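Asker: here's a sequence, model it:
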Amino acid sequence: MSTVLELIGGGLARPRPAPPATPGRGSRQSSSPVALGGFLSAGILTGMRGKARVHGLLVGLALATLGTGCGLKGAQDVSRPPPDARRPVIKSEAELAAEREERIRAGQVVPTSAPVLLGAERVAAARRAIPPPIQPTPNAIEADILMVNKSVLTVAEVLFPLADEIEEIRQTQTPAGFRERVQRLIREETRRQIGTLLIHAEATASLSEEQRKSVEKAVQREIDNLAAQEFGGSLSAFKAHLSACGLTYEQYRAALERDLVTRQYLRERLTPQIQVRRDELLAYYRQNINRYCTPEMRELSLIEIPFARFLPPDQRWETADKTVRATARLAALRQVREVEEALASQPFDEVARQYSGESHAPQGGSWGVISRPLQPPYDEVSRRVFELEEGQWSEPVETPTGYCIVRCGRIQPAAERSFLEVQDELRRELTERKYTRAATEYILRLAENATVSAIEPFVAAAVKRVEQRPLPTGPAAGR
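Answerer: Now for the predicted structure:
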């Protein structure tokens with residue numbers, strides 16, 4: 001068993017310091033029996049309490065005085081050795097607790113308010129009374145479940161909300177990349193659900209019967225809406241989908257209830273404690289000023305006259321010889337002259353629809369607004385738009401594949417949103433950041449006294465299941 005801090009804290013839990021050992025009862029030093037002339041044994045001094053001990057001390061002093069002052073011989077039997085006058089060793093509470101734990105582990109005692117030594121039959125009975133550990137579901141292996149205190153988390157519950165995302169990763173990653181990404185994704189979801197289990201246990205401990213009924217109604221509304229939107233209102237179809245994902249209807253309902261209760265509980269408990277000062281907002285605004293500045297935007301329009309348009313039908317520009325290329329280039333130049341004459345009397349967008357040979361011709365050659373040059377091969381051409389005035393077009397620009405005429409459409413000047421304009425947006429963002437941090441710290445505090453079973457075997461079992469067979473995706477795959 002390992003603490004939950006190993007999972008949620010992102011590293012190994014720091015060992016909690018043991019409480020300082022406190023002196024055991026009776027450890028206070030008492031008068032030594034030897035100081036009383038050797039007439040009282042250690043048992044008398046250490047065994048007496050209250051008035052009996054005081055009386056014993058007085059008798060000892062009297063006998064000592066009588067034996068020494070009156071010169072009585074034989075007051076002490078020198079033929080026998082004096083009793084052991086050493087002060088007995090008294091164990092501390094920590095030592096006694098450690099000894100008791102050892103006896104409990106050995107089966108000699110059962111944990112009660114006071115240790116009780118047992119016979120062999122009672123030891124066996126105590127061992128039989130220990131509840132058996134929770135067993136995995138049929139046809140499951142031990143790593144398919146994760147114990148979080150007294151709650152159980154299954155692999156199917158962790159994988160269900162990840163089905164669509166896992167399938168997307170499967171389509172875009174190599175096998176090695178898929179395994180690495182999925183392992184990280186499953187571990188993060190496991191952390192989230194462990195936190196949900198811990199908070200849910202605390203949240204429901206104080207719920208009244210009326211509140212529990214309200215939660216049940218909210219859960220039922222969510223399920224009814226989901227069944228209506230994605231399964232045509234058929235609850236049986238919804239249950240069949242859950243079964244294909246390895247979940248029962250009861251498991252899904254319980255997981256949904258945990259999520260609803262946990263979110264509401266944390267919001268109600270933590271949000272009133274979160275305060276965002278104005279100086280924090282201003283500092284955050286200055287640190288992220290680029291996010292609130294809009295750069296200058298310019299509409300880019302092109303008329304393209306490609307060389308390949310003037311090649312013979314069976315020729316390609318990349319493989320054509322020099323003579324064929326030269327002929328096509330000359331023909332393209334003639335058409336560019338026609339375009340320039342047309343622009344003298346017609347709007348740019350009409351000429352683009354008539355002559356341009358690129359995909360944006362139906363839009364009048366418009367590529368939309370841009371704030372910086374495009375990627376190659378249009379980088380040099382699109383850079384020209386930032387050298388033109390609004391509504392102005394360029395001279396024909398020759399490129400490796402044809403001629404282009406660049407036009408600058410509308411210009412949107414750069415703008416900066418002021419602090420007052422974005423203040424409410426900043427407050428919401430900082431409040432959410434503080435809430436997330438507070439929620440994480442709250443879960444960590446709960447985790448200090450929580451335990452879970454082995455995490456890594458559980459994650460490995462989930463990854464193995466995903467690798468062996470794809471998960472059902474589609475409706476309700478991710479809550």
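Asker: which helix or strand contains the nearest residue to Gly233 once chain neighbours are set aside?
Answerer: Nearest in space to Gly233, with sequence neighbours left out and distances taken as CB to CB, 6 or more residues apart in numbering, is Ala227 at 5.8 Å. For glycine as for every other residue, the C-beta is placed from the backbone atoms N, C-alpha and C. Ala227 belongs to helix 209-230 when assigned by DSSP states H and E.
Asker: downstream of that helix, the next helix or strand is which one?
Answerer: Following helix 209-230 toward the C-terminus (DSSP H and E): helix 235-244.
Asker: pLDDT of the next helix or strand after that following helix, averaged?
Answerer: Counting by DSSP H and E, the element after helix 235-244 in chain order, helix or strand, is helix 249-270. For helix 249-270, the mean pLDDT works out to 92.
Asker: helices or strands up against helix 249-270?
Answerer: helix 155-159, helix 175-205, helix 209-230, helix 235-244, helix 419-447 (3 or more CB pairs under 8 Å, 6 or more residues apart in numbering; DSSP states H and E).
Asker: mean pLDDT added to those helices, as TSV?
Answerer: Listed next are those as TSV, based on pLDDT from 0 to 100:
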stretch	mean pLDDT
helix 155-159	92
helix 175-205	91
helix 209-230	92
helix 235-244	91
helix 419-447	90
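Asker: give me whichever of these is most buried.
Answerer: Counting by mean count of other CB atoms under 10 Å, helix 155-159 has the highest mean neighbour count of the helices and strands packed on helix 249-270, with a mean of 23.
Asker: show me the contact partners of it.
Answerer: 144-145, 166, 186, 189-190, 193, 245-247, 251, 255, 458, 461-462, 465-466, 471 (CB atoms under 8 Å, 6 or more residues apart in numbering).
Asker: give me that answer again for 7 Å
Answerer: 144, 186, 189-190, 193, 245-247, 251, 255, 461-462, 465-466, 471 (CB atoms under 7 Å, 6 or more residues apart in numbering).
Asker: ok, then the element right after it?
Answerer: helix 163-172.
Asker: list the buried residues for that next one?
Answerer: For helix 163-172, the neighbour count (16 or more other CB atoms under 10 Å) marks 163, 165-167, 169-170 as buried.
Asker: packing partners for that helix?
Answerer: In terms of contacts (3 or more CB pairs under 7 Å, 6 or more residues apart in numbering; DSSP states H and E), helix 163-172 is packed against helix 175-205.
Asker: now the helix it packs on and helix 249-270, what's the angle there?
Answerer: Calculated by axes from the mean of the first three to the mean of the last three CA atoms, to 10 degrees, helix 175-205 forms an angle of 70 degrees with helix 249-270.
Asker: quick one: contacts for the residue nearest to Gly233?
Answerer: Ala227 neighbours (CB under 7 Å, 6+ apart): 233-235, 238.
Asker: and what of Arg433?
Answerer: Applying CB under 7 Å, 6+ apart, no residues qualify as near Arg433.
Asker: now Gln229
Answerer: Gln229 is in contact with no residue at all, counting by CB under 7 Å, 6+ apart.
Asker: try Gln183
Answerer: Contacts of Gln183 (CB under 7 Å, 6+ apart): 459, 463.
Asker: between the contacts of Ala227, which is closest to Ala352?
Answerer: Comparing the contacts of Ala227 against Ala352 with CB to CB places Gly233 closest, at 51.5 Å.
Asker: what's the neighbour count on the closest one?
Answerer: 11 (other CB atoms under 10 Å).
Asker: quick check, pLDDT for Gln354.
Answerer: Reported pLDDT for Gln354: 92.
Asker: grab the nearest non-local neighbour of it.
Answerer: Ala342 (7.2 Å).
Asker: isn't there a strand covering Glu380?
Answerer: No - counting by DSSP: H, G, I helix; E, B strand; the rest coil, one finds Glu380 to be helix, located in no strand.
Asker: what about it, neighbour count?
Answerer: Glu380 has 14 nearby residues by other CB under 10 Å.
Asker: what sits closest to it if chain neighbours are left out?
Answerer: Thr399 is the one closest to Glu380 (CB to CB, 6+ apart), at 7.3 Å.
Asker: ok, what's across the strand from that neighbour?
Answerer: Listed by DSSP bridges, the beta-bridge partners for Thr399 are Gly402.
Asker: separation between it and Glu304?
Answerer: Separation of Thr399 from Glu304 (CB to CB, to the nearest Å) stands at 9 Å.
Asker: quick check: phi and psi on Val148?
Answerer: phi -120, psi 100 (degrees, to the nearest 10).
Asker: and for it, the neighbour number?
Answerer: Neighbour tally, Val148, other CB under 10 Å: 22.
Asker: contact partners for it?
Answerer: 194, 197-198, 450, 452.
Asker: if we go to 6 Å?
Answerer: 194, 197, 452 (CB atoms under 6 Å, 6 or more residues apart in numbering).
Asker: cool, and Phe458?
Answerer: Counting by CB under 6 Å, 6+ apart, Phe458 has contacts 143, 146.
Asker: about what we covered before: gap between the helix holding Ala227 and the chain center?
Answerer: Its chain's average C-alpha position is 26 Å from that of helix 209-230, according to CA atoms, centre = their mean, to the nearest Å.
Asker: now the angle from it to helix 175-205?
Answerer: Using the same axes, to 10 degrees: helix 209-230 against helix 175-205 is 150 degrees.
Asker: and which of the contacts of Val148 is nearest Arg278?
Answerer: For the contacts of Val148, the nearest to Arg278 is Ile194 (37.2 Å; CB to CB).
Asker: got the phi/psi numbers for Thr401?
Answerer: phi -120, psi 0.
Asker: for the chain, which residues score under the pLDDT cut-off?
Answerer: Scanning the chain for pLDDT under 70 picks out 1-91, 107-142, 474-479.
Asker: show me it divided up by domain.
Answerer: For the chain, the structural domains run 33-63, 89-128, 142-274+454-468, 296-413, going by automatic domain parsing.
Asker: closest one to Leu426 among these?
Answerer: Nearest of the domains of the chain (CB to CB): domain 142-274+454-468, 14.1 Å.
Asker: quickly note the distance from the residue lying closest to Pro413 once chain neighbours are set aside to Ile411.
Answerer: What sits nearest to Pro413 in space, not counting adjacent residues and going by CB to CB, 6+ apart, is Glu296, at 5.8 Å. Distance from Glu296 to Ile411, counting by CB to CB: 7 Å.
Asker: okay, these two: which has more neighbours?
Answerer: Neighbour tally, Glu296 and Ile411, criterion other CB under 10 Å: the higher count belongs to Ile411, 16 against 13.
Asker: host element of the residue lying closest to that one once chain neighbours are set aside?
Answerer: In this structure, Ile411 finds its nearest non-sequential neighbour in Glu390, 4.7 Å apart by CB to CB, 6+ apart. Using DSSP H and E, Glu390 falls within no helix or strand.
Asker: and what of Cys404?
Answerer: Counting by DSSP H and E, Cys404 is part of strand 402-412.
Asker: what strands flank whatever helix or strand comes next after that strand, and is each parallel or antiparallel?
Answerer: Next along the chain after strand 402-412, taking DSSP H and E as the criterion, comes strand 415-416. When pairs are called by DSSP bridges, strand 415-416 turns out to pair with strand 293-294 (antiparallel).
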